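>>> Take a look and give me a structure for this.
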Amino acid sequence: MNLTHIEHLGIAVKSIEEQMPYYEGVLGLKCFAIEEVADQKVKTAFFWVGQTKLELLEPTSEDSPIAKFIEKRGEGIHHIAFAVPDAGEALNEMASKDIRLIDKAPRKGAEGLNIGFLHPKSTHGVLTELCDCKDK
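So this is what the prediction gives:
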């Protein structure tokens, strides 16, 4: 598999609005996009840090995966996302290596990227996302 770079780090938060003063005021980052991904029941906010993004993930429903994560583990790092030339090919390659997939085929994520997740039980406890490179 050809990982081109860390696309982003996903951080689960209860409220993006409450987190903004820290990321913008304390760290000096600028939020460049906020969007809701309805089918994932999440609102996202993105910040650039060099060549990598931070993605804040706020649940929009009590039954969302992010709400469940926060309930079990509290706010904090949720996943790491790697950019790949083709998320579908990368998922197929991971399946061929007996890696358990959450997504058997790519789906649309934030910023319109094709994404797919690998199950943390197959990745030593790290929820891993594979994203198409933005220039696709």
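
>>> how close does residue 35 get to residue 107?
Residue 35 sits at a distance of 15 Å from residue 107 (criterion: CB to CB, to the nearest Å). Placement of C-beta: from N, CA and C, glycine included.

>>> can you tell me how far residue 109 sits from residue 8?
10 Å.

>>> Now for the two: what residues contact both?
residue 131 (CB atoms under 8 Å, 6 or more residues apart in numbering).

>>> Quick one: list the elements packing against the worst-scoring helix or strand of the chain on mean pLDDT.
Across the helices and strands of the chain, the lowest-confidence element by mean pLDDT, DSSP states H and E is strand 107-108, at a mean of 94. The elements that strand 107-108 packs onto, with contact taken as 3 or more CB pairs under 8 Å, 6 or more residues apart in numbering; DSSP states H and E, are strand 114-118.

>>> residues making contact with the strand it packs on?
With CB under 8 Å, 6+ apart, strand 114-118 has contacts from 79, 81, 87-88, 90-91, 94, 99-109, 127-132, 136.

>>> and the next element down the chain from it?
Next helix or strand after strand 114-118 toward the C-terminus (DSSP states H and E): strand 128-132.

>>> Okay, now the sheet partners of that following strand, with direction.
Strand pairing for strand 128-132, using DSSP bridges, gives strand 76-84 (parallel), strand 114-118 (antiparallel).

>>> Need the winner for burial among the ones you listed.
strand 114-118 (a mean of 22; mean count of other CB atoms under 10 Å).

>>> Which residue ranges of the chain form helices?
16-20, 65-73, 87-96 (DSSP state H).
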